[in-house]
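[1] prediction below, plus the sequence it came from.
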Amino acid sequence: MNWLATKLEDRGHQVVRELHISTSQGLRKPDLIVWNNDAKILDIQIVGDSNIGLLNHLDDLKTRKYNTPEIINKVDELTGHTPTVGAITVNWRGVASKRAVGTLKKLGLRNSGLAIMILKAMEGGLSIYSNYMGMAGGGDVT
């Protein structure tokens with residue numbers, strides 16, 4: 001997430017990481033609020049590889065979580081723009097949802113940046129798996 005935030009800032013966007021928003025449903029912390037001429041609420045998720053056919057559906061679920069009047073109003077107050085809400089969904093094998101790719105390209109990320117982001121997601125997945133296997137007595141997988 002921090003790598004992506006830095007890349008978006010390099011592209012001229014203002015970025016807030018993990019804004020805490022109190023709602024009637026409890027505390028919400030979207031990963032990134034990004035704005036320049038318009039605003040976006042983005043939440044990033046890395047999902048298992050068994051979800052490959054469901055990436056857009058998982059985007060929708062995450063988008064609905066943050067597409068509420070309370071959150072929209074708070075981000076509008078912060079940025080001066082009524083935001084759109086999106087998700088960046090990548091699976092452990094490095095497949096990103098089509099919507100995530102489209103969103104990131106609209107924000108100015110190039111194919112090389114998308115590739116680096118996907119590799120970072122895969123590294124994170126391997127690290128989590130390795131830690132889990134170590135705790136479960138399976139040893140280090142790296």
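    Yes, it's here.
[2] longest helix anywhere in the protein?
    When the chain is scanned for its longest helix (criterion: DSSP state H), the result is helix 111-135.
[3] buried sites along that one?
    Using 16 or more other Cβ atoms under 10 Å as the burial criterion, the residues of helix 111-135 that qualify are 113-114, 117-118, 120-122, 125. Quick note: C-beta positions are derived from backbone N, CA and C, even for glycine.
[4] name the helices or strands packed onto that helix?
    Counting contacts by 3 or more Cβ pairs under 8 Å, 6 or more residues apart in numbering; DSSP states H and E, helix 111-135 is packed against helix 2-10, strand 39-47, strand 84-91, helix 98-106.
[5] re earlier: which among the buried residues of helix 111-135 gets closest to residue 32?
    When the buried residues of helix 111-135 are compared for distance to residue 32 (Cβ to Cβ), residue 117 wins out at 12.3 Å.
[6] verify the stated contact: the closest one with residue 109.
    Yes: with the criterion set as Cβ atoms under 8 Å, residue 117 and residue 109 qualify as a contacting pair; they are 7.5 Å apart.
[7] intersection of neighbour lists for these two?
    Overlap of the contact sets of residue 117 and residue 109 (by Cβ atoms under 8 Å, 6 or more residues apart in numbering) consists of 4, 7.
[8] mind checking the helices and strands packed on helix 111-135 for the one nearest to residue 61?
    Going through the helices and strands packed on helix 111-135 one by one, with Cβ to Cβ as the measure, strand 84-91 comes closest at 8.0 Å.
[9] quick one: list the elements packing against that closest one.
    For strand 84-91, the contact count by 3+ Cβ pairs under 8 Å, 6+ apart identifies strand 39-47, helix 55-66, helix 98-106, helix 111-135 as packing neighbours.
[10] chain center to the last one, what's the gap?
    By that I understand helix 111-135. Relative to its parent chain, helix 111-135 has a centroid offset of 14 Å by Cα atoms, centre = their mean, to the nearest Å.
[11] poorly predicted segments of the protein, please.
    50-52, 132-142 (pLDDT under 70).
[12] and the residue sitting nearest the centre point of it, what are its bridge partners?
    Against the mean C-alpha coordinate of the chain, by Cα atoms, centre = their mean, the closest residue is residue 44 at 1.8 Å. Here residue 44 sits in beta bridges with residue 88, as judged by DSSP bridges.
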